[in-house]
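**Q** Structure for the following, please:
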Amino acid sequence: HRSVKGDVITLSSGKKGEDAVHEKLAATLALAQSLKLSVLETRLLKQFEEVKHLPKELAKHGQIASLSRKGVQKLLGRLFITHTDLTLTSDLLDTPEFFWEEDANLPFYKTMFSYLEIPKRTATFNKRKDVLHELYEVIRDSKESQYSDRLEWIIIWLILVEVILELVQILVGYFQYFHYDD
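**A** Residues are numbered from 1 along each chain as shown. As a prediction, the model looks like this:
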């Protein structure tokens, strides 16, 4: 009789040969999916740790001085890699192909899958990833706003320099006009 209770996996003792291997494979496939998810969860938690101080910095100072625009883009890139690993290269919620032909151990696999809370953990992972993405968007918008403000000030100063140069040119022309009349 096979079961999963209290972090102990019990396999059927009467199975031999290929049947025993298939039963072990069912348990192993669920464990492998759980491990894949654990790696992604750890990566996402590490990303959270890297940026958890940024909302406070933004609230306190109105800007995020500790991070450059390039740094923000790198954070977004890492999040995108994590997202891609989950959605494109990972089949965490899919039933492995093995069970398409050998479904005698599918109930045991589903029991393991459920016991390891893979659907719940995947949903939580997706929510956390979405929150982190929103945070990165706020940070990116803040940086773009800072950059835009800086460009506006550069333009204002350039216009001021142009006005001063025009005034100098007008004054030089004015003094030359009166100087030649003398």
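
**Q** how about the helices of the chain, start to end?
**A** 17-51, 54-61, 69-87, 98-101, 106-115, 118-181 (DSSP state H).

**Q** which helices and strands sit right next to the second one?
**A** Read that as helix 54-61. helix 118-181 (3 or more Cβ pairs under 8 Å, 6 or more residues apart in numbering; DSSP states H and E). Every residue, glycine included, has its C-beta placed from N, CA and C.

**Q** Just want the angle from the helix it packs on to helix 54-61.
**A** Per axes from the mean of the first three to the mean of the last three Cα atoms, to 10 degrees, the angle that helix 118-181 makes with helix 54-61 is 40 degrees.

**Q** who does helix 118-181 touch, helix- and strand-wise?
**A** Using 3+ Cβ pairs under 8 Å, 6+ apart, helix 118-181 sits against helix 17-51, helix 54-61, helix 69-87.

**Q** Any buried residues in stretch 18-30, and which?
**A** 22-23, 25-27, 29-30 (16 or more other Cβ atoms under 10 Å).

**Q** circling back: ranking the helices of the chain by burial, who's on top?
**A** helix 106-115 (a mean of 17; mean count of other Cβ atoms under 10 Å).
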